[in-house]
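K.L.:
Pasted the sequence and its predicted model underneath.
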Amino acid sequence: MSDYTEKPVLDTKSVLDRIGGDKLRLKQLYSFSIHEIRTWNDKLSECLNSLNYDEIRKTVHGLKGSSATLGAERCRSLFTEAEILISNNRKDEALELLKKSNDEIIELINEISGNC
């Protein structure tokens, strides 16, 4: 597995390239997404506490997609790795990795807030 920490927290350039350089649209996307990210993160915390692996997998998949849309490369990489570990029945390793996700999401929200 690759080291997710080597990825940038937020790659605004790639998102701007995808949306035609529209900075206002980028700010709107980021402003809208903060609530969604918090909601996904809360759901992941609940799933991790209950050890419901089916819900963990679904939530991780949603977080991976949201992260990719936002250019949140570090989170996207972390959730991709966790999803692969879960799919390969390496649940203990996935849980260890996902324990770090809350800190990464807080850092992501801080980065996004700085771009709004």
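P.N.:
Right, received. Where do you want to start?
K.L.:
hang on, Lys100 packs against Ser77?
P.N.:
No. Counting by CB atoms under 8 Å, Lys100 stays clear of Ser77, with 11.6 Å between them. C-beta here means a position set from N, CA and C on the backbone, and glycine is covered the same way.
K.L.:
May I see the buried residues of the longest helix belonging to the chain?
P.N.:
In the chain, with assignment by DSSP state H, the single longest helix is helix 23-50. The neighbour-count check on helix 23-50 (16 or more other CB atoms under 10 Å) flags 26, 29-30, 33, 37, 40-41, 43-44, 47-48 as buried.
K.L.:
before we move on, what about stretch 53-65?
P.N.:
Quick answer for stretch 53-65 (16+ other CB under 10 Å): 56-57, 59-60, 62-64.
K.L.:
On the three-state scheme, Arg10 is what?
P.N.:
Careful, residue 10 is Leu and not Arg. coil (DSSP: H, G, I helix; E, B strand; the rest coil).
K.L.:
Apart from its neighbours in sequence, what residue is nearest it?
P.N.:
Among residues not flanking Leu10 along the chain, Glu111 sits closest, at 4.3 Å (CB to CB, 6 or more residues apart in numbering).
K.L.:
The nearest residue to Lys13 once chain neighbours are set aside: what's it in contact with?
P.N.:
Nearest residue to Lys13, sequence neighbours excluded (CB to CB, 6+ apart): Gly71, at 7.8 Å. Contacts were defined as CB atoms under 8 Å, 6 or more residues apart in numbering; by that measure Gly71 touches 10-15.
K.L.:
Write the PyMOL selection for whichever of these are buried.
P.N.:
Of these, the buried ones go into a single PyMOL selection, burial set by 16+ other CB under 10 Å:
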select buried, resi 10+11+12+15
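K.L.:
Including pLDDT and distance to Glu107, could the contacts of Gly71 go into CSV?
P.N.:
Listed next are those as CSV, based on pLDDT from 0 to 100; distance: CB to CB, whole Å:
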residue, pLDDT, distance to Glu107
Leu10, 93, 9
Asp11, 94, 14
Thr12, 93, 15
Lys13, 94, 18
Ser14, 94, 18
Val15, 94, 17
